[in-house]
Structure formats: C-alpha cells, structure tokens
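[1] Got a predicted model here, sequence first, then my questions.
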Amino acid sequence: MKRRDKGQVLVLVALAIFALLGLAALGIDVGYMYSVRHELQRSADAGALAGASAFIDIGPWSTNLSDPSMVESMARALDFASRDPVLTTHLDPAQTGPAQEITVTFPSQDNVQVTTQRNVSLFFARIFGNAAQTISATAIAEAATATRNVKCIKPWGVSYPWNDNNLNGQYDPGETVNDTCPEGITDTTWYFCPGTLVQIKVSTKSSNTSPIPQQEASHFFELDLGQLNNQQGCLPSVNQGAASYLAYLEDRCLDNCVQVASGPAGTGDPVPLQTGNDPRKTIQGAQWLIDQDPGATWDTAAGHPDGGNFPGASWEDSPRVIRIPIYDPRYDQLNPGAGEIHVAEFAGMWVDHVDPIQGNEGQGTVYGRYVKLSVSGAGAGGGNTGAPNLKFIRLVR
C-alpha cells in the first residue's frame, strides 16, 4: 500500500463512521416514533370501542349528532381515548384546530372512528432539518349484530310482533310484521322495540292484548334445547323434552356449547319445538328466575330494569335478564303445526312477571320486556337500528 493510500483509507473510515452514527441516530428516532404511534393506537382503539358501546346502552346510531346516542358516543370516545398517557401526558379531548389531538367521526351506521395525533420533538433528525413530526393513529369500532355463537339462550322462542288486523290471535298473510323499531314511535306495543311488554311463553289461548299471543294449536313457544344439544353432540347426551325444559330455564348457561345461527326469514338454523305445554314447569322456572332478583323494577326512562339484588353490578348480570331466539311469523307461521322455528334474530329480554295457574286460563303465561344487551359472539355489522337485538362490539380497523 502506498503511503498516500493510507490517508484515503482514514478519510473513508471517518466517513463510514459518520454515516453509521447517522443511521443509528435515525434508528433511535424511528423507534421513538413507532413507540409513540403504538400509544396513540392504544388510545384510538379504546376510544372507538367505548364510543360504539353507546349504540347498545343508549340508543340507535343516527345522522343527527345532537341525538342522545351520538352525544353519548362522542363523550365516551373522547373520554376513553384520553385516559391512557402518550409520552407521559394524556391527550387533550378539548383541543381544537390543526393541533386537535382527538377527532371523532361516524363513518356509517353503528360505526365510530377515532383518530389520535400528537406532534413530537425528535432527537437526531433535527440535524437534517426535521425537528418535529406529527404522528397519528386511527381506529374504527362498530356495534355489530350477533348472528351466531350466542351462548346461554333460554328455551323460549317468540316471533316479531305484527298488526293482527282481524284479532284472531294468529298471523295471517298480508298482515304487517314489525321487525324494527322505527325512530319516533311513541306507542311501541306492536313494535320490536326496547321496553315492549310481550308474552314470552303461553299455555292456553289468550286474548290478543299484548304481542305474541298463541298463534296456533300445539305451539307454546317452548324450545327443546335438549334435543338440539343431542343433535350437535357438544355435551354428553342429555334428556330432551319436558325432562330438560326446567333445567334449561333454571341453569345460568346449560347450553353453553349449543351453536345456533340466525338469518333472514327461513334461512336461520332450525330449533326444535317442544310438543307439550308444561305450564307448571314454566311457572316454576320463570318464578325461579324472578326469585333470584325479586326487588328489581322496570325503569321506563332508562329502558332497562333497576334496583334488585345487584346494586353494585350491572343490571345485565341479573338472572332475570335472558337471551331468546326470535322468529319471523311470515315464514314459520305459514306452516302450522311445524316442529321447529328458524331463528331470525336474537334478542335480550327481562322476565317481568308470570300469571298464576287459574283453571284453564292464564296457565303458565310469562311476560317479559325487550332490552338491549351486549354479548360476546360473532356476526355482521349494522342490523336493525334501535331494535333490541343482541350486539357485540368489535374493532373493524
């Protein structure tokens, strides 16, 4: 090596060291920005999930941002997005303008989008003229309708309410079926709305004064979950028929392994019906549920029960709050005497009261009120807005 080459090598080594140090410095800044983005994403996810929960607890999604559900969704999203620190300090939910750190929008039905951002100072990138960088993260969550994997259903299945024009106590082709809860309805008696009082289970022909009277002979809205369990083989073989009916009423989650999927009229999974009436078991099972929380009362303003034995927990934890399948009378009731129903939807229900056995009338009639419930499960987005169908919250982005 010539003497003059040694000087060139020293120059190249110095340049290489400078370049390596520069890359290392930029690596530190890049890692730092990724760490900040991770914290921003965590805040955005929390805000979106909290915002979507309002569509279950408060009311339907709306295009009117002044509606109570939208106001509550916005408030929850801002609150939860600002709870976790980002770079040791919390995001400011009240900040506006170009530096706004939390932005909440509603891109579609039952969807909440939360974008979080923060302008952070960099360490070594300022050498190259970049002293700060705005970093952002976005999350979208939705209140999706549970259409499958719904656990712990009770052995009662009722239909959507309909306008019984001729008051014959059964669905006739052409009568209007109300499978939604239209906005602005003042009298929800014949609509699929939270708070509507319905007959969950009947045992004799009853007057058509509340939704879901008996619609046909030998159809008492009593499901044979024992038979369904045996068909699917997910638990050791259990008794079916009347022998298991009471057990499914009183056990908190006897059918935890039963898989049932819902769908439009006639496309949901078939669930077998009991062939009998079982009024005394119905009375016993329904009263057992009520006795677990006897002090609970219906809160009309809130749209759910209140008080009772669960003052320190959510009202959803009460044994009187149950999940039941809903079927469409336009499909199933066109086939009188059918041995099964096809699940159109799942709904939440609060067991209100039971009628005592009095001769041949009022035998084992159970009354309940629709409630909105959040569940774990799987399904599709959207659904009947405002209706008491079961929903779960998920991140979609």
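    Sure, I can see it.
[2] going forward, measure contacts and count neighbours with C-alpha atoms only.
    Will do.
[3] Could you list the low-confidence segments of this structure?
    Confidence mapping of the chain against pLDDT under 70 gives the ranges 1-27, 124-129, 203-219, 233-241, 254-257, 310-313, 334-338, 357-364, 377-379, 381-385.
[4] helices or strands next to the longest strand anywhere in it in the packing?
    Looking across the chain with DSSP state E, the single longest strand is strand 132-148. Under the contact definition 3 or more Cα pairs under 8 Å, 6 or more residues apart in numbering; DSSP states H and E, strand 132-148 sits against helix 3-57, strand 111-121, strand 340-354, strand 378-380, strand 391-395.
[5] Can you give me the buried ones in that strand?
    136-148 (16 or more other Cα atoms under 10 Å).
[6] the inter-axis angle of it versus strand 391-395?
    Angle of strand 132-148 versus strand 391-395, following axes from the mean of the first three to the mean of the last three Cα atoms, to 10 degrees, is 150 degrees.
[7] Just after strand 132-148, pick out the following helix or strand.
    strand 158-159 (DSSP states H and E).
[8] Need the contact partners of that next one.
    In this structure, residues lying in contact with strand 158-159 by Cα atoms under 8 Å, 6 or more residues apart in numbering are 200-201, 212, 221, 324-329.
[9] can you check stretch 81-90 too?
    Under Cα under 8 Å, 6+ apart, the answer for stretch 81-90 is 36, 39-40, 43-48, 91-93, 102, 116.
[10] which of those residues tops the neighbour count?
    Ala48 (34 neighbours; other Cα atoms under 10 Å).
[11] just checking, that residue touches Thr138?
    No. Counting by Cα atoms under 8 Å, Ala48 stays clear of Thr138, with 9.0 Å between them.
[12] can you list residues touching both of the two?
    Shared contacts of Ala48 and Thr138, defined by Cα under 8 Å, 6+ apart, comprise 113-114.
[13] For the helix or strand where Thr282 lies, buried residues please.
    Thr282 belongs to helix 279-291 when assigned by DSSP H and E. Neighbour-count burial for helix 279-291 flags 279, 281-290 (criterion: 16+ other Cα under 10 Å).
[14] Just the angle for it relative to strand 340-354, thanks.
    Per the same axes, to 10 degrees, the angle that helix 279-291 makes with strand 340-354 is 60 degrees.
[15] Which secondary structure elements does helix 279-291 sit against?
    Using 3+ Cα pairs under 8 Å, 6+ apart, helix 279-291 sits against helix 242-250, strand 340-354, strand 366-371.
[16] Sheet partners, orientation included, of the longest strand of the chain?
    According to DSSP bridges, strand 132-148 forms sheet pairs with strand 111-121 (antiparallel), strand 378-380 (antiparallel), strand 391-395 (antiparallel).
[17] for the longest one, which positions count as buried?
    By neighbour count, with 16+ other Cα under 10 Å as the criterion, the buried positions of strand 111-121 are 111-118.
[18] what about it, distance to the chain center?
    26 Å (Cα atoms, centre = their mean, to the nearest Å).
[19] for stretch 106-119, same thing?
    Relative to the centre of its chain, stretch 106-119 is centred 19 Å away, using Cα atoms, centre = their mean.
[20] List the contacts of that stretch.
    The contact list for stretch 106-119 (Cα under 8 Å, 6+ apart) reads 40-41, 43-45, 47-49, 51-52, 55, 60-62, 73, 77, 81, 99-105, 132-144, 381-382.
[21] then that stretch to CSV, C-alphas only?
    Presented in CSV, the C-alpha positions along stretch 106-119 are these (Å, rounded to 0.1, in the frame of the first residue of the first chain):
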residue,chain,number,x,y,z
PHE,A,106,-69.2,8.5,12.4
PRO,A,107,-68.5,7.0,9.0
SER,A,108,-71.5,4.6,8.8
GLN,A,109,-74.3,3.0,10.8
ASP,A,110,-73.2,1.9,14.3
ASN,A,111,-69.6,2.8,13.5
VAL,A,112,-67.3,5.2,15.4
GLN,A,113,-63.9,6.4,14.1
VAL,A,114,-61.4,7.9,16.4
THR,A,115,-58.2,9.5,15.2
THR,A,116,-55.5,10.4,17.7
GLN,A,117,-52.4,12.5,17.0
ARG,A,118,-49.5,14.3,18.7
ASN,A,119,-46.7,16.5,17.5
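[22] what about the nearest residue to Gly303 once chain neighbours are set aside, how many residues close to it?
    Nearest residue to Gly303 in three dimensions, chain neighbours excluded: Gly195, at 5.7 Å (Cα to Cα, 6 or more residues apart in numbering). If you count neighbours by other Cα under 10 Å, Gly195 ends up with 24.
[23] my guess is Gly195 contacts Ala302, does it?
    No. Counting by Cα under 8 Å, Gly195 stays clear of Ala302, with 9.3 Å between them.
[24] what do those two both touch?
    By Cα under 8 Å, 6+ apart, no residue touches both Gly195 and Ala302.
[25] Now do the phi/psi pair for Asn230.
    In terms of degrees, to the nearest 10, the main-chain angles of Asn230 are phi -70, psi -40.
[26] Distance of it relative to Arg252?
    Per Cα to Cα, to the nearest Å, Asn230 is found 19 Å from Arg252.
[27] same check, this time on Val396
    31 Å.
[28] Same question for Gln109.
    Distance of Gln109 to Arg252, computed by Cα to Cα: 33 Å.
[29] Compare the two and say which one has the larger neighbour count.
    Comparing Gln109 with Arg252 by neighbour count (other Cα under 10 Å), the higher total belongs to Gln109, at 18 against 15.
[30] Relative to Val375, how far out is that one?
    19 Å.
[31] What residues does Leu373 make contact with?
    By Cα under 8 Å, 6+ apart, the residues touching Leu373 are 56-57, 316, 347-348, 388-391.
[32] would you turn those residues into CSV with distance to Pro182 and neighbour count?
    Formatted as CSV, the contacts of Leu373 follow (distance: Cα to Cα, whole Å; neighbours: other Cα atoms under 10 Å):
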residue, distance to Pro182, neighbour count
Ile56, 16, 26
Asp57, 17, 18
Glu316, 24, 19
Ala347, 17, 24
Gly348, 18, 25
Pro388, 12, 27
Asn389, 14, 31
Leu390, 17, 26
Lys391, 18, 31
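[33] now the residues you listed as JSON lines including distance to Val271?
    Below are the contacts of Leu373 laid out as JSON lines (distance: Cα to Cα, whole Å):
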{"residue": "Ile56", "distance to Val271": "27"}
{"residue": "Asp57", "distance to Val271": "29"}
{"residue": "Glu316", "distance to Val271": "25"}
{"residue": "Ala347", "distance to Val271": "15"}
{"residue": "Gly348", "distance to Val271": "18"}
{"residue": "Pro388", "distance to Val271": "21"}
{"residue": "Asn389", "distance to Val271": "18"}
{"residue": "Leu390", "distance to Val271": "18"}
{"residue": "Lys391", "distance to Val271": "21"}
